[in-house]
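Peer 1: sequence unknown, structure follows:
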């Protein structure tokens, strides 16, 4: 609660409106300090009114550029039009500010230009022509101010756009992950249901146990997979349930084995990430009906919460004309995409295929949060 309140206050203090108010408060405060240091400044309402009007002139000049020209021309890459309009804008306000500041000096004897605006406006003398004076105002006050506020506006635009792009990328990532999960679940369930169907045809007494394990898998897929990360132990338990179903289906506990290290740590992993590799090995290995078909799975957690996963299976050679796991199907492609999205720079995946043995090795950094 305290952190949320602090973030809200920080957001308000760094809001664009707040930042602009800070700048103008600094300008106005400096003007008032200048007035107090000048004993000859007229002390009546007319002088205060012209201080306000002078600031309004500068506000119109600055925000005409930052709120109209920059978003409508510069941001839209109409560079030629922007430069032309900005030049005309600067010339117009150089005339207005130059004339107004000189008129104030004449109308209120004893005042200085810094008694009306903190920005340093050139002082005209009898030795300088009016044209040269306006050029000095343009280059020494108006131009510099427009450039500084333009840089500030572009920097603000850059950070706002970058933040918006980060949010869009995050939403796109979340949407893509949801899509990948929705593709994984039906693909996985289709193969498990086929296993149960095979047992039901045989009227096997093991069917109820398989259905119970499937219910555990469904619970995991429906509820746990909604989270970004789950404890590794839960992911491993789902693998155990899945392999138990396959061992019953093929009536062999030796054909498929799962070797898990004694210490799996307390790390977390993206849900339903490893099952795709195992399902792929079963589909293209054990289901090929070879007499010596096997699937060997090994899982270790090395120091530093580094997961080491290996899955090896054999299958019929290509010469036999049978379907092989050349690409691995939709499940394997999806898990590759999920790894790229969830573990960028934090995983290493190698897939070896020598035409009879298919091997997957995955190393990734487990999450600790």
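Peer 2: Yep, it's here. A quick note: this is a predicted structure, and the numbers were derived from the prediction, not measured. Residues are numbered from 1 along each chain as shown.
Peer 1: could you break the protein into its assigned domains?
Peer 2: Following the assignment in automatic domain parsing, the chain carries domains at 2-165, 204-365.
Peer 1: name the stretch among the ones you listed that sits most buried.
Peer 2: Most buried of the domains of the chain, by mean neighbour count (mean count of other CB atoms under 10 Å): domain 204-365, with a mean of 17. Where C-beta positions appear, they are placed from N, C-alpha and C, glycine not excepted.
Peer 1: average pLDDT for that domain?
Peer 2: Here domain 204-365 scores 82 as its mean pLDDT.
Peer 1: and it, how far apart are its ends?
Peer 2: Domain 204-365 has its terminal residues 42 Å apart, counting by CA to CA, to the nearest Å.
Peer 1: distance between that domain and the chain's centre?
Peer 2: On the basis of CA atoms, centre = their mean, to the nearest Å, domain 204-365 sits 30 Å off its chain's mean C-alpha point.
Peer 1: just to revisit the earlier point, residue 190 is nearest to which of the domains of the chain?
Peer 2: Of all the domains of the chain, domain 204-365 sits nearest to residue 190, with 9.9 Å by CB to CB.
Peer 1: residue ranges of the strands in this structure, please?
Peer 2: Along the chain, counting by DSSP state E, strands occupy 230-231, 256-260, 268-269, 295-302, 306-314, 347-353, 357-365.
Peer 1: can I get these in a markdown table including distance to residue 171?
Peer 2: As requested, these are exported to a markdown table (distance: least, CB to CB, whole Å):
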| stretch | distance to residue 171 |
| --- | --- |
| strand 230-231 | 22 |
| strand 256-260 | 36 |
| strand 268-269 | 23 |
| strand 295-302 | 32 |
| strand 306-314 | 28 |
| strand 347-353 | 23 |
| strand 357-365 | 24 |
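Peer 1: could I get the contacting residues of the residue nearest to the spatial centre of the chain?
Peer 2: With distances taken as CA atoms, centre = their mean, residue 166 lies nearest the centre of the chain, 3.2 Å away. If you count contacts by CB atoms under 8 Å, 6 or more residues apart in numbering, residue 166 has none.
Peer 1: gap between it and residue 156?
Peer 2: 16 Å (CB to CB, to the nearest Å).
Peer 1: could you check how far residue 112 is from residue 118?
Peer 2: Distance of residue 112 to residue 118, given as CB to CB: 11 Å.
Peer 1: ok, now how distant is the residue nearest to the centre of the chain from residue 240?
Peer 2: Look at residue 166 and residue 240: by CB to CB, they are 39 Å apart.
Peer 1: again with residue 364
Peer 2: Distance from residue 364 to residue 240, by CB to CB: 20 Å.
Peer 1: equivalent analysis for residue 267, please.
Peer 2: 18 Å.
Peer 1: before we move on, what about residue 84?
Peer 2: Here residue 84 is placed at a distance of 72 Å from residue 240 (CB to CB).
Peer 1: try residue 219
Peer 2: Going from residue 219 to residue 240 by CB to CB gives 14 Å.
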